[in-house]
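**Student:** need coordinates for the following:
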Amino acid sequence: MTKTGGQLLVQSLIDNDVRDLFMIPGIQLDWAVDALRQRSDEIRLFVPRHEQSTTYMADGYYRASGKVGAAMVVPGPGALNAGAGLATAYASNSKVLFMTGQIHSTGVGRGCGLLHEIKDQTGFVKGLTKWNQFVNGPTEIPGAVNEAFRQLATGRPRPVGIEIPHDYLSAKLDAITDQSAAGGSAPNGELDSKALDAAAKLLNEARLPVIYVGSGIFHTDATEHLQALAEKIGAPVVMSDNGRGALSDRHPLAMNSLAGRAVFQHADVVLVVGSRFVDVLTPTASWPAGKTRFIHINIDPADLGAPRSPEVAITADAAQALPVLTDRLISREAISNENAQQVKDWAQGQINAISPQAEYVSQLRAAMPDDAVFVNELTQIGYLARIALPVYGPRTYIGPGYQGTLGYGFPLALGAAVGAGGRRVVSITGDGGFGWNMQELATARRYNLPVTLIVFNDGHYGNVRSIQKREFGAEVAVDLTNPDFRSLAQAFGIAFTQVENPEQLGGAVKDSMQHDGPVMIEVKVGVMPSPWHLLRLQPMSGMSGPAAPTNPLDEVYR
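**Tutor:** Residues are numbered from 1 along each chain as shown. You can find the predicted model right below:
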């Protein structure tokens, strides 16, 4: 029996439990696509309308499900188009398998001007992945896929890449029987017992220990271990934008980053788990050391050094380290539930002052089931939602990561809907960001995906406009010409509603939960106040607002 390289690729994907693939066909992929046709009962294909969306969808699929998201495109412009989604997945620590074709193997690097040829495609893919492999022959295809999955299961989660020249996909060869083992969970390294002892000593002796958590908590489902540790010592858990949902916001110890300001001001020891813990615009730590002593647990040793200054640094996965550390801790109540609630109320009062965004966020939360997946965007309501939207479980809140890719939200939400197992996905965006990928209404309709798309329409790039007005007293290049969104939705056969206030939006979102396919809601909005002074542990430079109320912990921990 003989197999083509394309058939070897598809068999390897199946062997590694890939069951959904986001891809756009093209001539350099023909033999792989035909092999997928032959195995269509084993791998579902989702074909969006832009190559950018393949990687966005793969990213969303992973973030909603925890399963590797797989994307495939043609070389050259296909790979470049997919780069934005790949960059977002990289910034968000997502397990994405990125497969791209290549030009004929004999032409690589020669500059012959072959179809879809670009200079040093391998360098481009390498820059957006933690590992990549250029396949040097059809017999290498299974091993490359298996190694990709081993890399995905090892160390810090980030995309991996495979490039395959099209003549290797069409090549016919005897069936390979001696394949390397399929990828799986890598064995954990040995924990540093002395470092764990030192961490436990700091936490046990601290007057107010605080836990700060990022997205690293989700990748091996360590949220239960986090909760057990926090409850044992009664420590508040401050969740970064990427860590929302690590602890249900209904939990007395759960806090957003705004509430985190109050507890950080009095914290003498902070345990940072699975977070880069770096400011958004400058290479400085999210909170200065000063009188505060830091313990960092991170699977990536690169995130344990400068600009951070941990007194104890532990290279380990959170699921491995947290239960061992918890066993070393003395049970107590570092902060009472009453004091913790005072801090949360202090933060919520400041959030409520940002109107009408706070009302929109409140209505959105009330209209969604606890397990709905919320995909946030870079839009005026979305900025406040980073701290204002209560999140009740892991993998139910998705943000843009540090890449801040405008327009990522809607296509990513489509992939999240595939991975979420029938749960409703609510995607918010501005009219500016929606313009990046409005063609994906076709994808939502084609696959009847359960996505509620909310477009806040102010006719401008609203945040850019706000910054220009604040900094320069004038605006330029921020006004938009939009389609009639009702007609656009109807053209794609998608249910549509237009609303004009928070209460109407809440009702429309609640109604959308009864649909089995996509729904689009347009919200007419105007200029809104800036929420930026409330975001992150420390306000970004230049983002000033009203003075915060007195810290409710000042009397308790003075």
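
**Student:** so what's the most centrally placed residue in the chain closest to, chain neighbours aside?
**Tutor:** The structure's the chain has its C-alpha centroid closest to Ser92; by Cα atoms, centre = their mean the separation is 4.5 Å. Counting by Cβ to Cβ, 6 or more residues apart in numbering, the nearest residue to Ser92 once its immediate chain neighbours are dropped is Gly401, at 3.4 Å. All C-beta spots, glycine's among them, are computed from the backbone N, C-alpha and C.

**Student:** what is the neighbour count of the one you found?
**Tutor:** When counting by other Cβ atoms under 10 Å, one arrives at 21 neighbours for Gly401.

**Student:** contacts only, for it.
**Tutor:** By Cβ atoms under 8 Å, 6 or more residues apart in numbering, Gly401 lies in contact with Thr88, Ala91, Ser92, Asn93, Ser215, Asn242.

**Student:** so how far is Pro157 from the third one?
**Tutor:** This points to Ser92. Plainly put, Ser92 is 9 Å away from Pro157 if you go by Cβ to Cβ, to the nearest Å.

**Student:** do the first one as well
**Tutor:** Distance, Thr88 to Pro157, by Cβ to Cβ: 14 Å.

**Student:** pLDDT score assigned to the closest residue to Thr129 other than its chain neighbours?
**Tutor:** Once flanking residues are discounted, Thr129 sits nearest to Gly161: 4.2 Å by Cβ to Cβ, 6+ apart. Here, the pLDDT recorded for Gly161 equals 98.

**Student:** for Thr177, same thing?
**Tutor:** Looking at Thr177, its pLDDT stands at 53.

**Student:** Glu503 - nearest residue in space that isn't next to it in sequence?
**Tutor:** The nearest residue in space to Glu503 (Cβ to Cβ, 6+ apart) is Gln363, at 6.5 Å.

**Student:** hmm, Arg386 is touching Ser240, no?
**Tutor:** No. Contact criterion Cβ atoms under 8 Å: Arg386 and Ser240 do not qualify, at 9.4 Å.

**Student:** show me which of these two is the more surrounded one.
**Tutor:** A side-by-side neighbour count of Arg386 and Ser240, using other Cβ under 10 Å, places Ser240 first with 26 against 23.

**Student:** check contacts around the more buried one.
**Tutor:** Taking Cβ under 8 Å, 6+ apart, we find Ser240 in contact with Tyr212, Val213, Gly214, Ser215, Ser257, Ser275, Ser286.

**Student:** list just the nearest of those residues to Gly137.
**Tutor:** Nearest to Gly137 out of these is Ser215 (Cβ to Cβ; 37.3 Å).

**Student:** could you pull out the strands for the stretch 351-500 of the chain?
**Tutor:** Under the criterion DSSP state E, counting those that start in this stretch, the stretch 351-500 of the chain carries strands at the ranges 373-375, 397-398, 425-430, 451-457, 495-499.

**Student:** adding mean pLDDT, write the ones you listed out as a markdown table.
**Tutor:** Compiled in a markdown table, the strands of the stretch 351-500 of the chain are given as follows (pLDDT from 0 to 100):
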| stretch | mean pLDDT |
| --- | --- |
| strand 373-375 | 98 |
| strand 397-398 | 98 |
| strand 425-430 | 98 |
| strand 451-457 | 98 |
| strand 495-499 | 98 |
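
**Student:** could you say which helix or strand holds Val211?
**Tutor:** I think there's a mix-up here, since residue 211 is Ile and not Val. Assigned by DSSP states H and E, Ile211 belongs to strand 209-213.

**Student:** all good on my end, thank you.
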